[in-house]
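Asker: what's the 3D shape of this:
(chains A and B)
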Amino acid sequence: ELKVEQNPLFLSMQEGKNYTIYCNYSTTSDRLYWYRQDPGKSLESLFVLLSNGAVKQEGRLMASLDTKARLSTLHITAAVHDLSATYFCAVDITYGQNFVFGPGTRLSVLP
Amino acid sequence: ETGVTQTPRHLVMGMTNKKSLKCEQHLGHNAMYWYKQSAKKPLELMFVYNFKEQTENNSVPSRFSPECPNSSHLFLHLHTLQPEDSALYLCASSQFGQGAETQYFGPGTRLLVL
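Answerer: This is a model prediction of the structure:
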């Protein structure tokens, strides 16, 4: 059974600090997605990573994928309060037919 | 309407009721999905439809019955549910076959089973 783990599950950080969220998965896949969910709202796509070594950046967020290590990271640079949300990684295990989500990392950025 | 819409947004039902959740996507996508999001578990994929054909059913109990009459509409029919079925039900759509199946999610239906 495929397992997708995220670390940490809860993260409280101060504005201006840097941090990394980790996503580990237990089966072979070269397609990984990151989503954001604000409280009481639905999921919004952040990044699509489609190959080993893929790196994507948007604003203060940067995501990378190491398919050999079965690891993706979401790096936060100089956090701001607006980044407070829950972040999910999702592994695509059958090319658009089956996705397995991680448990989510709840991020709180404090002033 | 734009994106993915879901109705109703909230639903309370008894264990003997029958109800349906509706999802509509306005993105021209060819794949639609039902997910269950509960407090104690990660987001769970329930059903996948590509080109109106069901391609995945992740061991979902038969009290949940999906229907996809066309590529823009997706229903989830509910009957004799259990209290543990209370959750947020999310619909999503994507363009299958484009190389990157980014999913676009609706706002969800929050279901409470009494």
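Asker: The residue in chain A positioned nearest to chain B: neighbour count?
Answerer: Nearest residue of chain A to chain B (Cβ to the nearest Cβ) works out as residue A:96 at 3.6 Å. No exception for glycine: its C-beta is placed from N, CA and C like everyone else's. Residues near residue A:96, counting by other Cβ atoms under 10 Å in any protein chain shown, number 22.
Asker: likewise the one 3 residues further on?
Answerer: Here the neighbour count serves as a burial measure; for residue A:99 (other Cβ under 10 Å) it reads 24.
Asker: For it, give its distance to residue A:53.
Answerer: Relative to residue A:53, residue A:99 is positioned 22 Å away (Cβ to Cβ, to the nearest Å).
Asker: if we can go back for a sec, return the residues in contact with the residue of chain A closest to chain B.
Answerer: B:31, B:50, B:94, B:96, B:97, B:101 (Cβ atoms under 8 Å, 6 or more residues apart in numbering or on different chains).
Asker: restrict those to those near chain A?
Answerer: Among the contacts of residue A:96, the ones lying near chain A by Cβ under 8 Å from any Cβ of the partner chain are B:31, B:50, B:94, B:96, B:97, B:101.
Asker: Looking at those residues, which is nearest chain A?
Answerer: residue B:101 (3.6 Å).
Asker: which element is the residue nearest the centre of chain B on?
Answerer: The residue lying closest to the centre of chain B (Cα atoms, centre = their mean) is residue B:34, at 2.9 Å. If you go by DSSP states H and E, residue B:34 is part of strand B:31-37.
Asker: any idea of the pLDDT on residue 4?
Answerer: Picking chain A for this. On the pLDDT scale, residue A:4 is placed at 95.
Asker: Actually, chain B is the one I wanted.
Answerer: 96.
Asker: Now do the contacts for it.
Answerer: B:23, B:24, B:25, B:26, B:27, B:91, B:92, B:93, B:104, B:105, B:106.
Asker: Just checking: what are the partner strands of the helix or strand of chain A with the lowest mean pLDDT?
Answerer: Within chain A, no helix or strand scores below strand A:99-101, which has a mean of 92 by mean pLDDT, DSSP states H and E. Neighbouring strands of strand A:99-101 in its sheet, by DSSP bridges, are strand A:85-92 (antiparallel).
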